[in-house]
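J.: what follows is a protein structure lacking sequence information:
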DNA sequence: AGCTTAATGAAAAAAGTTATCAATAAGGTC
DNA sequence: GACCTTATTGATAACTTTTTTCATTAAGCT
């Protein structure tokens, strides 16, 4: 069977290559794991998950891989409601994340003009010149809404 | 001279008392320091600043004071653009912070309805039920705008 | 002023992150 | 496909940050 070069599949590998970085084992493991997990993961969690699934690698490599992947925008930092932070795969372009307070899954939503009126107001109020922002939403994902409603019914 | 009970000055002390906590030295030192500093400070920075200004206290107390003060909403966590976090005094009510990318001073601005259309859009798109959010703006404060413009002129 | 107990401080343990350097492997070349 | 160059890795250790423990102190009530 001929090997198919999948554009989607090779995307992040290309970003590495095009920036002069090698597609190494640890970088592959980390990306593949994050692609398969909606929950933000800490370096330690990533290290443990990979070790258990037969991909022994040093935790140092996890830190280094994450640092690089974050720099290239291939992974993003997501803050949990409790303030702890983890990594998820990065969606392309300007975007933010919404995190489920129950199961912690994080999904991306596109950034938009929606903030511009707020930013204008704040610039006027504070005389700051605004150039960037950090935004995350917290809530309950569809699955957990259902699960929680079902649990409620049983009482 | 009669001692004047200043409502503003005693406000955070009251919050502590009313919640059954004592107004202890370390808690006072931490609050006073943060009230005098616009820049978010880490526990270590707070510890060092207080030690140097003749208020020797254990760093453990700094951690404990911050934990409690944050729980009571008297201090807030602010994230720097680089991802590091620090504490600032908490403004009352629903608010967010805007942080200067140059001098790191952080000031609060009132939360508002401005996010509701964005939130509605995301709820529709993702089927999440949104109940909270994390928002911070980054930019250049008036002082630094001026300082940077002056520095530019000199070239 | 005295009492009760929350809160502190010091030390140690635990957890998380970074630096060092010899060994390895990714990716280009022949 | 084997070889070569050098980026990258892994193990260890150093370092930083945070939490735990417990005897001592002091805040605030009576």
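T.: Sure thing, it's come through. Treat the numbers as computed from the prediction; the structure is a model and nothing was measured. Numbers count the residues shown, from 1 in each chain, chains lettered A, B, ... in the order given.
J.: please list the residues of chain A that sit near DNA strand C.
T.: Within chain A, the positions near DNA strand C by Cβ under 7 Å from any atom of the strand are A:16-17, A:22-25, A:42-44, A:59-60, A:63, A:67. All C-beta atoms are positioned from the backbone trio N, CA, C, and that covers glycine.
J.: nearest to residue B:97, of the residues you listed?
T.: Set against residue B:97, the nearest of those by Cβ to Cβ is residue A:42 (24.7 Å).
J.: what's the nearest residue to that closest one if we skip its chain neighbours?
T.: Excluding the flanking residues, the one nearest residue A:42 by Cβ to Cβ, 6 or more residues apart in numbering or on different chains is residue A:86, at 5.1 Å.
J.: in a strand, the one you found, correct?
T.: Yes: secondary structure assignment places residue A:86 in a strand (DSSP: H, G, I helix; E, B strand; the rest coil).
J.: how close does it get to residue A:76?
T.: Per Cβ to Cβ, to the nearest Å, residue A:86 is found 10 Å from residue A:76.
J.: just to be sure, residue A:102 is in a strand?
T.: No: residue state for residue A:102 (three-state DSSP) corresponds to coil; a strand is not indicated.
J.: which stretches of chain A form strands?
T.: With DSSP state E, the ranges of strands along chain A come out as A:75-79, A:85-89, A:95-100, A:106-110, A:129-140.
J.: out of the ones you listed, deepest packed?
T.: Highest mean neighbour count among the strands of chain A (mean count of other Cβ atoms under 10 Å in any protein chain shown): strand A:95-100, with a mean of 22.
J.: thinking again about what came up before, make a markdown table out of the strands of chain A and add mean pLDDT.
T.: A markdown table is the format used below for the strands of chain A (pLDDT from 0 to 100):
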| stretch | mean pLDDT |
| --- | --- |
| strand A:75-79 | 96 |
| strand A:85-89 | 96 |
| strand A:95-100 | 96 |
| strand A:106-110 | 95 |
| strand A:129-140 | 96 |
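J.: same list as before, those that is, but in CSV and with distance to residue A:148 included.
T.: Below are these laid out as CSV (distance: least, Cβ to Cβ, whole Å):
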stretch, distance to residue A:148
strand A:75-79, 22
strand A:85-89, 23
strand A:95-100, 11
strand A:106-110, 18
strand A:129-140, 7
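J.: so which of these gets nearest DNA strand D?
T.: Set against DNA strand D and scored by Cβ to the nearest atom of the strand, the strands of chain A come closest in strand A:85-89, at 11.5 Å.
J.: what's stretch A:102-117 in contact with?
T.: Residues from elsewhere that reach stretch A:102-117 (Cβ atoms under 8 Å, 6 or more residues apart in numbering or on different chains): A:38-40, A:78, A:80, A:88, A:91, A:93-100, A:133, A:135, A:137, A:140-141, A:143-144, A:147-148, B:114-115, B:117-118, B:121-122, B:125-126, B:128.
J.: distance between the ends of that stretch?
T.: Stretch A:102-117 has an end-to-end distance of 31 Å (Cα to Cα, to the nearest Å).
J.: quick check: residue A:129 touching residue B:145?
T.: Yes: with contact defined as Cβ atoms under 8 Å, residue A:129 reaches residue B:145; the gap is 6.0 Å.
J.: measure residue A:140 to residue A:108 for me?
T.: Counting by Cβ to Cβ, the separation of residue A:140 from residue A:108 is 17 Å.
J.: what pairs with the residue nearest the centre of chain A across the strands?
T.: With distances taken as Cα atoms, centre = their mean, residue A:88 lies nearest the centre of chain A, 2.1 Å away. Taking DSSP bridges as the rule, residue A:88 bridges to residue A:76.
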